[in-house]
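*Asks:* what would the 3D arrangement of this be:
(chains A and B)
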Amino acid sequence: MKKPPAPSPSRRGFLNWFLGLGVIGWLGSILYPVIRYLSPQQGSSAGGPVKLSGEELQQLQRRLFTIVRSGTDRILVFEDGSQQVRALAAKCTHEGCTVQFVPGEAVVWCACHNGRFDLDGRVLSGPPPRPLPRYLVKREGDGSVSVALEKA
Amino acid sequence: MNSETPEKGLYGWLERRYHLSSLVHFLRHKEVPLGAHSALWYYLGGTTLFFLTIQIASGVLLLGYYQPGESTSYESIRFITTKVPFGWLVRSAHCWSAHLMIISLVVHMFSTMIIKAYRPPRELTWVTGFVLFALALCFGFSGYLLPWNELAFFATSVGTDSVKSVPILGQWMLEVLRGGPDVTIQTLYRFFALHVAVLPMAIVAIVGLHLIFIQRQGMAPPLGHLKSIRSMRFFPDFAMRDLLLWLICLIGLTTLAFLLPYGPGIPGMDWELGKKANPLAPAYPGIKPEWYFLWVYQLLKEFPPHVFRMEGPQAALLVVTVLLGVWALVPWLDRNAAKGRLSPAFTDLAVAALLFIGYLTLMAWDIGGHQTGNAQPDAQAVARTTGLLTIAVGVATTAARILINRHRWFVFSGAALVHVALHGLFGLPYLTAGVIAFWLMVAVLAALLIHSRLQARRAQLVQGGPP
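*Replies:* Next comes the predicted model:
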């Protein structure tokens, strides 16, 4: 009996390749909108210069530090021993916790993993890998405090 | 069932449609092997499943009142615990059973490791179990944020920040997870969806797979006994014991939920609502994650700012990933158990893992750090006290293993104890102590390998006789 001719391997290979490509395209057409949907609408954004509100000024007076928001940044504004106002990024460079000013020890401290910074944001001890970025800060004659957009 | 006398009633009606007799036959003949180790280890999967059921039931009840939202999440949890009749009990039961489920799961995993139940052909049962462990941790982590309190906010900030350590895609993954660059209410919406929809579906699917594997292959007989010496009928003997243990678990859970509705007060096992999340408030002193994440928390604290060319957190999380990867691949790494031989090295690996995690957890609890009266715990005093505790437990365990189990292989647990001693007692930095202990371990392993090769060679020469 005469055997039917075997399908050409190149034809089968081409069909498999074509089918595989179709599956990848099908998966891509589902995943792409899902990924775009889940990607945040807004990324990091720096806000404009910040003027401390009355409540924030009160907080600054009472406990010598306050934390203000500018865009998606959080800024630590504090008054050092010589009553000079300073500003540093409030987000710890280690794992993103919010830092605080400790007036008694004249350090900026992160309670999460015990990272310590000096008043210029340099790492004194603990695990933070980078210094805290500094901000320009100015106290006006009327007592108001504003933090500039540019980092110092 | 006898096919000549068809069953009557409901059973007969079902039997004619679904042929239940094969299932009944399977249950009647299913047996649980008994042998060298305690049968208690076989019940832990069941208790974990029991606590998962309680989680689902209490979670559904909480959903009746919980409202995710900036001005509703915290408020609705407060409403549940203060105004809804027995709301405090439902939340307490949900939190307690979450912790008890993780405890049961961890003990189940370690007992499986020690009795080598992962060995072929049960590799995938181990892997699905490992995936279930990871899912349980994800459940804990995502659920932690939902009350939208201070603790939730910082725990999620730190936990999600770790994701940015992933090369190239890290920052993008972080923003997708958080729904933005920072932890906001958008993060809570995403975690809520994960906690009540995605993770439950995933865990039910993987639990199903895990159980199918166990039903198809049966429970692992004790190592060294291909056919176990004794066995117990699954139904009703084992099933009734299982049921009794579940009843005991339920009594224990309700007692704890009634007596300690906000947890035992141990750091990492405490669910007081506290203050509402405020992104502009600093992290408060003594803030800690859940107890099962404490070892990772402490590792992040102990790693220096830079390790080789990596930042400290990145290196610490790489170490955690490698260790978890090794743990997941144990069935393929343990060649002795695969061949049905005793495998002392992997028993010792489990003990070493417990010592390693135990030391970090004890340090995270700041045990012995407040003796000086300072507000901040003294890190060196903590390392010394917890080091001594870990070494005492390690030495006692080793003595028990030598005397009771006749173990003779202690390279991994020895390295873990050397690490603890160098850091806790001699004051070396944690990473330096770890590197020294690691290379000592490698040297001892190399020496053991050379020794066994030489012995094999000598045996060959003796067998072959003089030339």
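*Asks:* count of neighbours near the closest residue to chain A within the stretch 1-150 of chain B?
*Replies:* At 10.2 Å from chain A, B:E150 is the closest residue in the stretch 1-150 of chain B, using C-beta to the nearest C-beta. C-beta coordinates here come from the backbone N, C-alpha and C atoms, glycine included. Look at B:E150: counted by other C-beta atoms under 10 Å in any protein chain shown, it has 20 neighbours.
*Asks:* so what pLDDT did the spatially closest residue to it that is not a sequence neighbour get?
*Replies:* With sequence-adjacent residues excluded and distances taken as C-beta to C-beta, 6 or more residues apart in numbering or on different chains, B:E150 is closest to B:K275, at 4.9 Å. pLDDT for B:K275: 94.
*Asks:* need the contact list for B:K275.
*Replies:* Contacts for B:K275 (C-beta atoms under 8 Å, 6 or more residues apart in numbering or on different chains) come out as B:N149, B:E150, B:A281.
*Asks:* and it, its phi and psi?
*Replies:* Backbone torsions for B:K275, taken as degrees, to the nearest 10, come to phi -90, psi 160.
*Asks:* how near is it to B:G69?
*Replies:* For B:K275, the distance to B:G69 (C-beta to C-beta, to the nearest Å) stands at 18 Å.
*Asks:* next one: B:T184
*Replies:* Counting by C-beta to C-beta, the gap from B:T184 to B:G69 is 12 Å.
*Asks:* kindly report the same for A:G20.
*Replies:* Taken as C-beta to C-beta, the span from A:G20 to B:G69 is 45 Å.
*Asks:* got it, and B:D270?
*Replies:* 25 Å.
*Asks:* so which strand or helix has the spatially closest residue to B:F51 that is not a sequence neighbour?
*Replies:* Spatial nearest neighbour of B:F51, chain neighbours left out: B:M101 (3.6 Å); criterion: C-beta to C-beta, 6+ apart. Using DSSP states H and E, B:M101 sits in helix B:87-114.
*Asks:* the next helix or strand after that helix and chain A in contact?
*Replies:* Using DSSP H and E, the helix or strand that follows helix B:87-114 towards the C-terminus is helix B:123-145. No. Looking at helix B:123-145 against chain A by C-beta under 8 Å from any C-beta of the partner chain, there are no contacts, and the closest approach is 14.2 Å.
*Asks:* same for helix B:123-145, what does it pack against?
*Replies:* helix B:87-114, helix B:150-161, helix B:185-193, helix B:199-217, helix B:312-328, helix B:330-333 (3 or more C-beta pairs under 8 Å, 6 or more residues apart in numbering or on different chains; DSSP states H and E).
*Asks:* residue ranges with poor pLDDT in chain A?
*Replies:* Applying pLDDT under 70 to chain A picks out residues A:1-3, A:5-8, A:43-47, A:149-152.
*Asks:* shouldn't B:P289 be in contact with B:G268?
*Replies:* Yes. With contacts counted by C-beta atoms under 8 Å, B:P289 reaches B:G268, the gap being 6.3 Å.
*Asks:* which one of the two is surrounded by more residues?
*Replies:* Neighbour tally, B:P289 and B:G268, criterion other C-beta under 10 Å: the higher count belongs to B:P289, 22 against 18.
*Asks:* now the more buried one: how far from B:G35?
*Replies:* Distance from B:P289 to B:G35, by C-beta to C-beta: 40 Å.
*Asks:* break chain B into its domains for me.
*Replies:* Chain B resolves into domains spanning B:43-220+B:238-300, B:343-370+B:377-467 when parsed by automatic domain parsing.
*Asks:* closest one to A:G13 among those domains?
*Replies:* The closest of these to A:G13 is domain B:43-220+B:238-300. By C-beta to C-beta, the value is 32.3 Å.
*Asks:* the closest one spans what distance, first to last residue?
*Replies:* 35 Å (C-alpha to C-alpha, to the nearest Å).
*Asks:* return the member of the helices and strands packed on helix B:123-145 having the minimum mean pLDDT.
*Replies:* helix B:150-161 - the lowest mean pLDDT of the helices and strands packed on helix B:123-145, at a mean of 91.
*Asks:* just the CA coordinates for it, please, in CSV.
*Replies:* Output in CSV follows, covering the C-alpha atoms of helix B:150-161 (Å, rounded to 0.1, in the frame of the first residue of the first chain):
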residue,chain,number,x,y,z
GLU,B,150,-0.2,54.7,62.1
LEU,B,151,1.3,51.3,62.4
ALA,B,152,-0.4,50.2,59.2
PHE,B,153,1.0,53.2,57.3
PHE,B,154,4.6,52.8,58.4
ALA,B,155,4.6,49.0,58.1
THR,B,156,3.4,49.3,54.5
SER,B,157,5.8,52.2,53.7
VAL,B,158,8.8,50.0,54.8
GLY,B,159,7.4,46.8,53.3
THR,B,160,6.6,48.2,49.9
ASP,B,161,9.8,50.3,49.8
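*Asks:* is chain A within reach of the very next helix or strand once past that helix?
*Replies:* Remark: after helix B:150-161, the chain's next helix or strand is helix B:170-178, criterion DSSP H and E. Yes. Contact of helix B:170-178 with chain A (C-beta under 8 Å from any C-beta) involves B:W172, B:E175, B:V176, B:R178.
*Asks:* tell me which residues in helix B:170-178 are buried?
*Replies:* In terms of neighbour count (16 or more other C-beta atoms under 10 Å in any protein chain shown), helix B:170-178 has its buried residues at B:W172, B:L174, B:E175, B:V176, B:L177, B:R178.
*Asks:* same check on stretch B:17-30?
*Replies:* Of the residues in stretch B:17-30, B:K30 count as buried by neighbour count, 16+ other C-beta under 10 Å.
*Asks:* now that stretch: mean pLDDT?
*Replies:* 89.
*Asks:* pull the longest helix from the chain.
*Replies:* In the absence of a named chain, chain A is used. helix A:9-38 (DSSP state H).
*Asks:* that's the wrong chain, I meant chain B
*Replies:* helix B:430-464.
*Asks:* for the residue nearest to B:F51, list the residues it contacts.
*Replies:* Counted by C-beta under 8 Å, 6+ apart, B:M101 has contacts B:T48, B:F51, B:L52, B:I54, B:Q55, B:A136.
*Asks:* and it, how close does it get to B:L260?
*Replies:* On the measure of C-beta to C-beta, B:M101 and B:L260 end up 17 Å apart.
*Asks:* A:P9 now?
*Replies:* Computed as C-beta to C-beta, the A:P9 to B:L260 distance reads 70 Å.
*Asks:* quick one on the thing from earlier: the residue of the stretch 1-150 of chain B closest to chain A reaches B:P282, doesn't it?
*Replies:* No. B:E150 is beyond contact range of B:P282, at 10.0 Å (criterion: C-beta under 8 Å).
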